[in-house]
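In: pasting a predicted model and its sequence here:
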Amino acid sequence: DNVLLAPDIITYNAAISALDQGNQWASALLLLCEARLRNLQLNVVSCSAALSACERGRAWEQAFEVFHSMHRMCIGGDAVAFNAAISACDRGNRWQEALGLLEEMQSASLKRSAPSYVAAAGACGSSLQWQVSLLLLSQLQHERLSPGLIMTNACINACRKAEQLHAALNLFNSMRDSHLKPDVLNYTSMITACAPSQEWQLALRLHQDLLGAGLSPDAMAFNAALGVCR
């Protein structure tokens with residue numbers, strides 16, 4: 001006789017993780033709900049995978065719901081869950097909540113990594129809190145974490161969105177002092193930051209520097225330079 005085995009939480013965790021990697025956030029949530037209906041004990045693996053799937057799919061409201069449900073079920077979040085929740089704050093323009101989650105990570109003795117700060121800086125940038133993003137950069141460096149190109153670019157973008165060209169330029173120039181070589185994305189962000197104040201000469205100089213650095217500008221970089229010169 002064929003015996004049908006009921007899936008256990010390990011099976012559900014594997015399936016939800018696969019859906020996370022496949023950017024299928026809605027299906028991941030359905031499986032999470034199904035596991036609960038089967039009275040299976042959800043754990044941090046189940047919830048973190050579903051939360052990550054929602055963040056990847058830009059379903060930030062659903063990501064928040066999963067994260068808060070973890071607290072209601074007394075499931076402590078891991079670094080993956082917190083980073084995904086902070087990234088969701090970026091999508092939802094909830095910069096204060098992003099900062100709160102960073103503090104909560106420290107209280108939970110979870111190691112805050114560069115991606116944690118990048119996500120929080122992005123949330124601050126989306127809400128025009130450029131000064132807070134710079135404070136996060138200083139805090140990251142104080143914890144002896146390398147800011148890297150991505151974190152620096154997140155802060156440059158925060159300055160760009162708030163039309164703070166001088167602050168963005170200072171950040172860009174400081175990259176060389178930190179032995180970081182700007183990439184195409186860094187140059188594109190800086191060129192775009194020149195647009196509000198119509199600093200076309202600076203934009204052209206940055207574009208020339210980009211070429212001089214042996215980098216190949218993409219369509220976004222060309223469009224940014226053309227946009228400033230109009």
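Out: Sure thing, it's come through. Model, not experiment: these values are computed from the prediction. Residues are numbered from 1 along each chain as shown.

In: just checking, what packs against the helix or strand bottoming out on mean pLDDT in the chain?
Out: Sorting the helices and strands of the chain by mean pLDDT, DSSP states H and E puts helix 219-229 at the bottom, at a mean of 76. On a contact count with 3 or more C-beta pairs under 8 Å, 6 or more residues apart in numbering; DSSP states H and E, helix 219-229 meets helix 184-193, helix 200-212. Where you see a C-beta, it was placed from the backbone N, CA and C, and this is true even at glycine.

In: phi and psi next, for Cys194.
Out: When quoted as degrees, to the nearest 10, the phi and psi of Cys194 stand at phi -80, psi -20.

In: do the same with Asn23
Out: Phi and psi for Asn23, reported as degrees, to the nearest 10, are phi 60, psi 40.

In: try Ser146
Out: The phi/psi pair for Ser146 (degrees, to the nearest 10) is phi -70, psi 130.

In: returning to that earlier point: out of the helices and strands packed on helix 219-229, nearest to Cys54?
Out: helix 184-193 (25.2 Å; C-beta to C-beta).

In: give the buried residues for that closest one.
Out: Across helix 184-193, burial judged by 16 or more other C-beta atoms under 10 Å covers 185-193.

In: biggest separation within these, which pair?
Out: Among these, the pair separated by the greatest distance (C-beta to C-beta) is Leu185 and Ala193, at 12.7 Å.

In: now the least confident helix or strand of the chain: how far from the chain's centre is it?
Out: 25 Å (C-alpha atoms, centre = their mean, to the nearest Å).

In: compute the inter-axis angle for it and helix 200-212.
Out: Relative orientation of helix 219-229 and helix 200-212, computed by axes from the mean of the first three to the mean of the last three C-alpha atoms, to 10 degrees: 160 degrees.

In: tilt between helix 219-229 and helix 184-193?
Out: Following the same axes, to 10 degrees, one obtains 20 degrees for the angle between helix 219-229 and helix 184-193.

In: which residues does helix 219-229 contact?
Out: Under the criterion C-beta atoms under 8 Å, 6 or more residues apart in numbering, residues 184, 187-188, 191-192, 194-195, 198-200, 203-204, 207, 210, 217 lie in contact with helix 219-229.

In: let's see 6 Å
Out: 184, 188, 191-192, 194-195, 200, 203, 207 (C-beta atoms under 6 Å, 6 or more residues apart in numbering).

In: with distance to Cys74 and pLDDT added, can I get the residues you listed in a markdown table?
Out: Shown next, in a markdown table, are these (distance: C-beta to C-beta, whole Å; pLDDT from 0 to 100):
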| residue | distance to Cys74 | pLDDT |
| --- | --- | --- |
| Val184 | 46 | 91 |
| Thr188 | 45 | 92 |
| Ile191 | 49 | 91 |
| Thr192 | 45 | 91 |
| Cys194 | 51 | 90 |
| Ala195 | 49 | 87 |
| Trp200 | 57 | 85 |
| Ala203 | 53 | 89 |
| His207 | 54 | 89 |
